[in-house]
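In: This is a predicted model, with the sequence first.
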Amino acid sequence: NHFNHQKVQDIKQILFNPGRRKRPNQILIILRGAPGSGKSHLVQLIKKKEGEMGNASDIRILSIDDYYMTEEEEDDERRGSRTQNYLKQMIKCLKKTIADGLHNFIIIDAENCDWTSYNMFYQVGSSMGCAVYTIELYQTFDICFKQSQRVRSEQEIRKSIELLDSYRIGERHELLIPTA
C-alpha cells in the first residue's frame with residue numbers, strides 16, 4: 001500500500017460527530033475520477049448528509065457539468081479545449097466563493113485526472129485558507145463507459161483513467177475515503 005495512512009481518513013470523520021465538531025472551518029473537497037466513475041452521485045450523497053446535519057446552506061458545489069449545457073456533438077479535441085476554458089471559469093468561481101465567505105464547505109466536481117487541473121484547485125484552496133481534501137474514485141473502464149451513458153468517447157474515458165493512474169494523491173495531500 002503506497003498511501004501515507006496519516007493523510008488518509010474516512011469521510012465520516014468530517015461529516016459526522018464527534019469529528020464533525022473538530023473539523024476545519026473552511027473545507028474544500030476536490031473529486032478526481034474518470035467520466036462515469038460516480039463523482040456527481042457522491043457529491044449528491046455528501047450534500048444530502050450535510051443537509052441532514054443542518055449545513056445545507058453552507059455547502060457550495062462547483063461542477064464542470066454545469067458548464068456543459070449543450071448536447072451538441074463534438075470531437076475530443078474540441079471538447080478538451082472547452083473543458084480547459086470551463087476549468088478556468090471554475091477557478092474564478094472558487095476564488096470568489098472562498099473570498100465571499102458565504103460557504104464553508106465547497107466541493108469541486110470535475111475529473112481532475114491530470115496534475116495541472118487538480119493542482120489549480122488545490123493551490124487556490126490551500127492558499128486561501130481552506131483545509132483541502134481529495135476523493136479519488138476508481139472504476140473499471142466498463143463501468144465508467146456504461147455510467148457515462150456514452151456521452152464521452154471510449155478514447156476519452158481510457159485517457160482519463162490512464163491520467164488518474166499516473167498521478168495518485170495519497171502520498172502528497174489529504175485523501176478522504178468515501179465509505180457507506
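Out: Structure received.
In: Name the nearest residue to the residue most central in space within the chain, sequence neighbours excluded.
Out: Nearest to the mean C-alpha position of the chain, by Cα atoms, centre = their mean, lies residue 31 at 1.9 Å. Leaving aside its chain neighbours, residue 31 sits nearest to residue 39 (4.5 Å; criterion: Cβ to Cβ, 6 or more residues apart in numbering). All C-beta atoms are positioned from the backbone trio N, CA, C, and that covers glycine.
In: who's in contact with the one you found?
Out: 31, 33, 109-111, 137 (Cβ atoms under 8 Å, 6 or more residues apart in numbering).
In: next one: phi and psi at it?
Out: Backbone torsions for residue 39, taken as degrees, to the nearest 10, come to phi -60, psi -50.
In: what secondary structure does the closest residue to residue 95 other than its chain neighbours sit in?
Out: Of all residues not flanking residue 95 in the chain, residue 124 sits nearest, at 5.8 Å (Cβ to Cβ, 6+ apart). With DSSP: H, G, I helix; E, B strand; the rest coil as the basis, residue 124 sits in helix.
In: which residues touch residue 124?
Out: Per Cβ under 8 Å, 6+ apart, neighbours of residue 124: 91, 94-95, 98.
In: Roughly how far does it sit from residue 118?
Out: 11 Å (Cβ to Cβ, to the nearest Å).
In: what helix or strand does residue 28 sit in?
Out: Here residue 28 sits within strand 27-33, counting by DSSP states H and E.
In: related to what we said a few turns ago, what's the closest of the contacts of residue 124 to residue 66?
Out: Set against residue 66, the nearest of these by Cβ to Cβ is residue 94 (13.0 Å).
In: Which stretches in the protein count as helices?
Out: Taking DSSP state H as the criterion, the chain carries its helices at 12-15, 19-22, 39-52, 76-100, 115-127, 141-147, 154-166.
In: Pick out the shakiest of these, pLDDT-wise.
Out: Lowest mean pLDDT of the helices of the chain: helix 76-100, a mean of 84.
In: Between helix 154-166 and that one, find me the angle.
Out: Helix 76-100 runs at 50 degrees relative to helix 154-166, counting by axes from the mean of the first three to the mean of the last three Cα atoms, to 10 degrees.
In: Would you mark the buried spots in helix 76-100?
Out: 83, 86-87, 90-91, 93-94, 97-98 (16 or more other Cβ atoms under 10 Å).
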